[in-house]
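Novice: With the input below, show me the fold.
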Amino acid sequence: MGSEELNKNLLQHQNPSEEDEESLRKRVWEESKKLWIVAGPAIFNRFSTFGIMVVAQSFIGHIGSTELAAYALVMTVLVRFANGILLGMASALETLCGQAYGAKQYEMLGVYLQRSWIVIFLTSILLLPIYIFTKPILVALGQDENIAQVAGSISIWSIGIVFAFSASFTCQMFLQAQSKNKIIAYLAAVSISIHVFMSWLLTVRFKFGLNGAMTSILLAYWIPNLGQLVFIMTKCPDTWKGFSFLAFKDLWPVIKLSLSSGAMLCLEIWYNTVLILLTGNMENAEISIDALAICLNINGWEMMIALGFFAAASVRVSNELGRGSSKAAKFSIVITVLTSFSIGFVLFLIFLFLKGRLAYIFTPNPDVANAVGDLSPLLSFSILMNSVQPVLSGVSVGAGWQSVVAYVNIGCYYLIGIPIGVVLGNILHLQVKGVWIGMLFGTFVQTIMLITITFKTDWDKQVEIARNRVNKWAVVENDESNNT
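Specialist: Numbers count the residues shown, from 1 in each chain. Sure thing, here's the model as predicted:
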């Protein structure tokens, strides 16, 4: 009793500022735990998924420079094209499932998942002609014919990757909304381990070349997909009630949100694709493409961290808006941005020091490595800015602002970034450096605009919008269930 009275007296005489500081520290700690529950597995999963492409690129780069350039074109143009569309459309689930889960409308999540499967699978079918006619498309865009020939073979293999995206992205969004994405990380670890071994076995040991590398990629993508589907159907009893005919009803609202989500991310992901294409007509095109592709891959590794925080920001904001807490939503944004930026700043310093040394992981060509070294300062600044911008995009997804951010992306990337890149790269003859500077400037302007939008938003109104969305769609689900 004496110790309890002493503690009580100490608390009574505690300085109010100390109480506030202790309360803030506790809030930061609690929010950080919630943040990392989502961000940790998401970052690891994205590292592993991105690593599949990079591991394959490392093996293909030692087959030949033409094969490396062709692989870079397919992955950064065609596969990124599909990735932008499908990931963007699947991100509608982050808004819908996240807000519904926060509002405790658990039964709606499974229906949203099935509706998204329908929309995205049909979209994947519509994309097939691009992969079937890759060679003439690339030649028409001015690419080297030898590179286009090899790229045509790789693109046929990539059809399996497109359909893997359809299953993977939707399942991930469904699980992330419930903070059940540890299973995604476990499956990703198994997948990347198998991929490294199979890539060595098929390309080095048995000398199957490109066919061996692409076979390994397909296995690496489909193994975790099967695991995710089994987990959803057996370990999510509250949110997965089995297949339902409701999935075929009221598809239009899902389609509209999917289209706006797709437009938002497509415009962002395709940005790097356009920049790769701009290097195709420059002097030493093969070296230019290889150098920029390597830089984008290195940048992509860091981007996986930011995209992990993208997922965390989306989940935390959507959950809190669905729960009805605008203050918690705003606080989660601050913690997520500061955490991501801190990590990005450390990586900025590291890559500024390393310069072009990492290029030899991807290619033995000293000319390409030197070109990467020349781009390293721009790469470092890009890494720094990318530690903030994707997080703010995640906030927009959590709140359902995809259409607004799509317009921001059009203006910043396609009306500012690309024109500047064309002028600096072609007219002022800065070559790849000019293209990269254009990309940096476009990203910088976009980041400033997203910060402004986020800062000026009325978050109490966003809570009301989220509540109306969830209640409206919940009534539809309940009415349909009662009628059946």
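
Novice: Give me the helices and strands touching the one helix or strand Trp222 maps to, please.
Specialist: Secondary structure from DSSP states H and E places Trp222 in helix 209-235. Judged by 3 or more Cβ pairs under 8 Å, 6 or more residues apart in numbering; DSSP states H and E, helix 209-235 is in contact with helix 16-61, helix 65-73, helix 145-176, helix 182-199. For glycine as for every other residue, the C-beta is placed from the backbone atoms N, C-alpha and C.

Novice: tell me the angle of the next helix or strand after it relative to helix 65-73?
Specialist: Per DSSP H and E, the first helix or strand lying C-terminal to helix 209-235 is helix 251-278. Angle between the axes of helix 251-278 and helix 65-73 is 150 degrees (criterion: axes from the mean of the first three to the mean of the last three Cα atoms, to 10 degrees).

Novice: I'd like the mean pLDDT over helix 251-278, please.
Specialist: Across helix 251-278, the average pLDDT comes to 72.

Novice: which residues touch the residue nearest to Ser155 when sequence neighbours are not counted?
Specialist: Leaving aside its chain neighbours, Ser155 sits nearest to Thr134 (3.7 Å; criterion: Cβ to Cβ, 6 or more residues apart in numbering). By Cβ atoms under 8 Å, 6 or more residues apart in numbering, the residues touching Thr134 are Val74, Leu78, Ala148, Ala151, Gly152, Ile154, Ser155, Ile156.

Novice: Would you tell me which of the helices and strands packed on helix 209-235 gets closest to Ser342?
Specialist: Across the helices and strands packed on helix 209-235, Ser342 has its closest neighbour in helix 16-61 (11.7 Å, Cβ to Cβ).

Novice: what inclination does that closest one have with respect to helix 209-235?
Specialist: Using the same axes, to 10 degrees: helix 16-61 against helix 209-235 is 140 degrees.

Novice: got JSON lines for the helices and strands packed on helix 209-235, with distance to Ser314, mean neighbour count and mean pLDDT too?
Specialist: As requested, the helices and strands packed on helix 209-235 are exported to JSON lines (distance: least, Cβ to Cβ, whole Å; neighbours: other Cβ atoms under 10 Å; pLDDT from 0 to 100):
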{"stretch": "helix 16-61", "distance to Ser314": "9", "mean neighbour count": "17", "mean pLDDT": "83"}
{"stretch": "helix 65-73", "distance to Ser314": "30", "mean neighbour count": "24", "mean pLDDT": "84"}
{"stretch": "helix 145-176", "distance to Ser314": "8", "mean neighbour count": "22", "mean pLDDT": "91"}
{"stretch": "helix 182-199", "distance to Ser314": "15", "mean neighbour count": "18", "mean pLDDT": "92"}
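
Novice: a markdown table for those helices, including distance to Cys412?
Specialist: Below are those laid out as a markdown table (distance: least, Cβ to Cβ, whole Å):
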| stretch | distance to Cys412 |
| --- | --- |
| helix 16-61 | 23 |
| helix 65-73 | 25 |
| helix 145-176 | 24 |
| helix 182-199 | 31 |
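
Novice: Can you tell me which of the ones you listed is nearest to Pro366?
Specialist: Pro366 sits nearest to helix 65-73 of all the helices and strands packed on helix 209-235, at 12.1 Å, using Cβ to Cβ.

Novice: Secondary structure element holding Ile298?
Specialist: Going by DSSP H and E, Ile298 is part of helix 285-323.

Novice: got the angle for that helix vs helix 65-73?
Specialist: Using the same axes, to 10 degrees: helix 285-323 against helix 65-73 is 20 degrees.

Novice: mean confidence for the following helix or strand past helix 285-323?
Specialist: Downstream of helix 285-323, the first helix or strand assigned by DSSP H and E is helix 326-354. Computed over helix 326-354, the mean pLDDT rounds to 89.
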